[in-house]
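**Q** Here is my input, please return the structure:
(2 chains)
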Amino acid sequence: MQIKPILAALKRHKAGTVLIALQIALTLAIVCNALIIIRQRTEHLSRPTGMIETDLLTVANRWVGVDEKATPSLGKTDLEALRGMPGVVDATYANSYPLRGGGWSTSVNITPEKKKEMAHTTLYFSDDHALATMGLKLVGGRNFRPDEIDWVDPKAFDTTPVVIVSKALADKLYPDGSALGKVLYHSGATKPSTIIGIVERLQVPWTGTWAGNFAENAILIPRLLTGNFGSYLVRTQPGQLERLTKAAPALLFKTNRMRVIPDERGVRTFAQVREQAYKSDRGMAVLMGVVCAVLLAITAAGIVGLTSFWVGQRRKQIGVRRALGATRHDILSYFLTENLLIGAGGVIVGAVLAIGMNLWLVSHFEMERLSLLYVAAGVVALLLLGQGAVLAPAMKASRVPPVEATRSV
Amino acid sequence: MFAYYLELALRSLKRSRGLTVLMVLAVGFGVAASMTTYSVFRAVSGDPIPWKSSKLFVPQIDMWGPKGRSNNNEPPEAMDYTDAMALQRAHRAKLQSAMYQVSPSVVPAGAGKHPINVSGHAVYSEFFPMLDVPFRYGSGWGADADTQRAAVVVISHKLNEKLFGGANSVGRSISIEGKDYRVVGVLDDWNPQPRFYDVVNTGGFSSGNEDVFLPFERAIDVGMPNDGNTNCSEVPAESGFVGLQRSSCVWIAYMVELDDAAAASAYRHYLDGYAQDQQRAGRFGWAPNNRLRNLPDWLDAEHVVPSDTKVSLLVALGLLVVCLVNTAGLLLAKFLRRSSEIGVRRALGAQRSAIYAQFLTEAGIIGLAGGVLGLALTGAGVASVSWVLPKDIAALARLDVPLLLLTLLVATAATLLAGLYPTFRASRVQPAWQLKSN
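**A** Here you go, the predicted structure:
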């Protein structure tokens, strides 16, 4: 295939060529960056929390008209009632849980020096029933003993002699894997906490990018928080979840009426928690996906439209070429090559644009760097899209009969 | 003449139906995507109190020192009790109020009713005039009620509806956390978004209600705990709510009204003087590092507009640009294909301006049709943003007349813009050359 005559022909359609190339370039730039957003948002969607998420119920509870000092005894009564319900395997009370959205985060170190933060972590305040209720897998050490549990005012909480940590945090603090039995210092405290157990995985309450670098750093503290707000977690027997979604809050109200369980997000199965936690991530990914689809469709349609015009315009020339001995295949490949040339010009500019746009986005928003792999994939995709779009008009062109040469317009 | 161009344009558009549909679709989708994301952006980036926002300021004091500062040397976003009270006592601004979020229980009258949980803020009397809070009945309380720690309350009309059936309840009493409070005012509809007076605790947008406002010192007196965020650089020495008041933990929002630049600079001067005093007294071991931002700057510094809405708007605008480039390319091809027709018209004496009018009319029709399609798609888009965005924000996006007009305007103007170059090329067609080649 000779490229020179194609280039010569394109020179006569400079503006149209430039517009198509520009469109391809912009499409590539936007699609690449939209893909990065999609990847960034969907990458975490399937991240495991470390809990057994089936048959798990969460109930947000707020005491009203109750003195803060009375909440421990009320909480104990609630927990006993919940654990005694038919269909309940175990229940616990906690300040927060994975994907809840709000919680406690702090710094952690292996020396009492305040200045240097080795890692950031979340703190879960719960009791010896937490592992069983949440379905966490202990990979080393032991669970809390009942005598290690106590209630504490959150505003006066300092530290505890023992803690259980997630494996991710244990490995971060003691990379040689020797964390069990060693100490850590959190929240700038001067008193050490000994690591008595390590759970395989435990995610933080947040899903946002800001928590991305400590997403699996968690410390379980053997303390229940006084204060009027917290969540009950209930593990049910298989098949009992739906019934308990209604029965558990009803029982709590029967135990004590001085409480509010919010209408919205008050009682949620963990499946609902997960869905709501990732709603905006999924939404953003869907939005970007729709934009990409529309962009590609419009660009493809634009190529079809413009090439059809060019084919219509050049019917006579095509006829002449055919009459002079060019095969159908020659005509077909002429238009395919022409499109490839325009596309190549477009994607070169587009790749530069995509990277520039990404750099700007990275500096202004919480965006990830664009990997060249994405650009390469985008380039191939757009070139293929162009070839696909041009195929129909090119086929039409190849069917122009040689006799066209003899007809005047 | 316009009617004639209209007819010509319609005829030309009909001649190549597929292409016309394609252009209308492109304009429609591009405009709808931009307008939908813009409706959300407009909702979240709006000025909640436009007539006054430049006079409202948020002071920040660096009570934590270098170890508590964030990366860009910013002092804490909120205030601790000690400094908020010092500012309140000094009373250097025209109007000012410390405030903190509360969530007390209210017991409705009538036996056997569940207590209900309401949210609100503990504020000073100047909160109401400072923020131009509208009242349906009564008013805020006076400065004397602040100092006397009076048991008075301002309630929302929603709570008034629930407790008193919507009647004028000024003078009646309600039970909050087991104590009686006299209602002095009932608010009219007031739900500013973003919740600018306490961005730190609400994150800017909140679908919740503000049902009660109580005197600040009264709430402190009865030990009504704060329901908002508490940030500490070190663990408080004492426990409980009193311990929190004596700590350097920050949990109080603060806002002042300063009517002109001189007042603002005087207040800034006062803040620096205050920090220097604290430094001399040994409480702060560092030089003053205060901030005094007006409301728009404060909302900006707090990143109240979620970056998702900005990114989606940018991407949607990118889509619109691609759609317009697409339209420009197609119009160019379409117009130039009619070179011979243009040649004949020009040879028969048509001015270049006549060619411009004819082809821009055609582009305008496509734009208008795209706009109408865009309207429908924008409607669908705005209706479905709740599917994509958090509820607090999605609820703010709405379709109104200005947005409808803007959609049509953007579609038409953008398509005319896209049609300019193709029309320019069409007007440059050489009549002689065209006639000869035929």
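
**Q** Helices along the stretch 201-350 of chain A, start to end?
**A** With DSSP state H, counting those that start in this stretch as the criterion, the stretch 201-350 of chain A has helices at A:241-255, A:270-277, A:279-313, A:315-323, A:328-364.

**Q** Let me see the contact set for residue 299.
**A** Just so you know, I chose chain A. A:Gln23, A:Ile24, A:Thr27, A:Leu382, A:Leu385, A:Ala389, B:Val322, B:Asn326 (CB atoms under 8 Å, 6 or more residues apart in numbering or on different chains). The C-beta positions use only the backbone N, C-alpha and C, and glycine is treated the same way.

**Q** um, chain B though
**A** Counting by CB under 8 Å, 6+ apart, B:Leu299 touches B:Pro194, B:Phe196, B:Val199, B:Gly204, B:Val305.

**Q** Is it correct that it falls within a helix?
**A** Yes. Assignment of B:Leu299 by DSSP: H, G, I helix; E, B strand; the rest coil places it within a helix.

**Q** rewinding a little: quick one, which of the helices of the stretch 201-350 of chain A is nearest to A:Glu113?
**A** Nearest of the helices of the stretch 201-350 of chain A to A:Glu113, taken as CB to CB: helix A:328-364 at 33.3 Å.

**Q** I'd like the next helix or strand past the closest one.
**A** Going down the chain from helix A:328-364, the next helix or strand is helix A:372-398, by DSSP states H and E.

**Q** can you pull the buried residues of that next one?
**A** Neighbour counts over helix A:372-398 (16 or more other CB atoms under 10 Å in any protein chain shown) mark A:374-375, A:378-379, A:381-383, A:385-387, A:389-391, A:393-394, A:396-398 as buried.

**Q** Which other helices and strands does that helix contact?
**A** Contact partners of helix A:372-398 among helices and strands, from 3 or more CB pairs under 8 Å, 6 or more residues apart in numbering or on different chains; DSSP states H and E: helix A:14-42, helix A:279-313, helix A:328-364.

**Q** what does the stretch 51-200 of chain A put close to chain B?
**A** Neighbours of chain B within the stretch 51-200 of chain A, by CB under 8 Å from any CB of the partner chain: A:62, A:64-65, A:68, A:114-115, A:153, A:155-158, A:187-189.

**Q** where does B:Leu320 fall, phi/psi-wise?
**A** Dihedral angles of B:Leu320 (phi, psi; degrees, to the nearest 10) stand at phi -60, psi -40.

**Q** End to end on stretch B:237-254, go ahead and measure it.
**A** 24 Å (CA to CA, to the nearest Å).

**Q** mind listing what's buried in that stretch?
**A** Neighbour count says stretch B:237-254 has B:239-241, B:243-245, B:247-254 buried, by 16+ other CB under 10 Å.

**Q** one step back: between the contacts of A:Thr299, which is nearest A:Lys167?
**A** Using CB to CB, A:Leu382 comes nearest to A:Lys167 of the contacts of A:Thr299, at 43.0 Å.

**Q** Which residues are in contact with that closest one?
**A** Counting by CB under 8 Å, 6+ apart, A:Leu382 has contacts A:Ile24, A:Thr27, A:Leu28, A:Val31, A:Thr299, A:Gly343, A:Gly346, A:Val347, A:Gly350.

**Q** what does A:Tyr174 give?
**A** So A:Tyr174 contacts A:Ile110, A:Lys182 (CB under 8 Å, 6+ apart).

**Q** swap in B:Gly208?
**A** B:Ser119.

**Q** tell me the secondary structure for it?
**A** coil.

**Q** tell me the pLDDT at it?
**A** With respect to pLDDT, B:Gly208 has a value of 73.

**Q** Kindly report the same for A:Val379.
**A** 94.

**Q** Identify the residue nearest B:Phe127 in space, chain neighbours excluded?
**A** The spatially closest residue to B:Phe127, leaving aside those adjacent along the chain, is B:Ser97, at 4.1 Å (CB to CB, 6 or more residues apart in numbering or on different chains).

**Q** Identify the bridge partners of the one you found.
**A** Bridge pairing for B:Ser97 (DSSP bridges) gives the partners B:Met255.
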